[in-house]
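> Give me coordinates for this.
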Amino acid sequence: MGHIPDERKAINELYRVLKPGGIALILSLVDLKRDKTYENTMYTTKNDRLMHYGEPDLCRLHGIDFKERLTAGGFKVEAIDYRKYFSEKEQAKFSLGNGEREIIYSCTK
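Numbering: from 1, shown residues only. Below is the predicted model of the structure:
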């Protein structure tokens with residue numbers, strides 16, 4: 001979702017096309033040290049976005065409020081740290097990250 005310019009429209013469209021009871025698994029970069037999503041529409045160049053969001057093609061860097069943003073679109077949301085399902089050895093082998101950004105959001109209609 002961090003790469004999509006009109007996030008609210010995208011969330012609403014995902015909700016619209018998902019059948020009742022359906023599940024959408026959404027993965028986006030999330031900075032768990034931020035309470036609120038960081039975005040500024042003035043950052044349009046790759047250099048600006050790289051400096052502010054950490055990647056040149058991001059439109060925002062989600063904070064802990066990402067779950068709320070998905071919920072506002074109508075979804076019932078569960079945040080899942082998928083790394084917890086793997087041993088430390090498996091986490092290292094598969095480069096599953098360090099726990100700072102690895103959350104999957106299970107969104108149910």
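> mind listing what residue 42 touches?
For residue 42, the contact set (Cβ atoms under 8 Å, 6 or more residues apart in numbering) comprises residue 48. For every residue, glycine as well, the C-beta is placed using N, CA and C.
> How about the secondary structure of it?
What DSSP: H, G, I helix; E, B strand; the rest coil gives for residue 42 is coil.
> what separates it from residue 48, distance-wise?
Counting by Cβ to Cβ, to the nearest Å, the separation of residue 42 from residue 48 is 8 Å.
> And for residue 69?
The spacing between residue 69 and residue 48, counted by Cβ to Cβ, is 22 Å.
> Please identify which of the two sits among more neighbours.
When residue 69 is set against residue 48 and neighbours are counted by other Cβ atoms under 10 Å, the residue ahead is residue 69, at 20 against 13.
> buried stuff in the longest helix belonging to the chain?
For the chain, the helix that runs over the most residues, judged by DSSP state H, is helix 7-17. Of the residues in helix 7-17, 7, 11, 14, 15 count as buried by neighbour count, 16 or more other Cβ atoms under 10 Å.
> picking up where we left off before, what touches both of residue 42 and residue 48?
Shared contacts of residue 42 and residue 48, defined by Cβ under 8 Å, 6+ apart, are absent.
> Can you tell me which of the buried residues of helix 7-17 is nearest residue 64?
For the buried residues of helix 7-17, the closest approach to residue 64 (Cβ to Cβ) belongs to residue 7, at 15.8 Å.
> What distance do you get for the spatially closest residue to residue 11 that is not a sequence neighbour to residue 1?
Leaving out its chain neighbours, the residue that sits closest to residue 11 by Cβ to Cβ, 6 or more residues apart in numbering is residue 73, at 3.6 Å. Here the criterion is Cβ to Cβ. By it, residue 73 lies 10 Å from residue 1.
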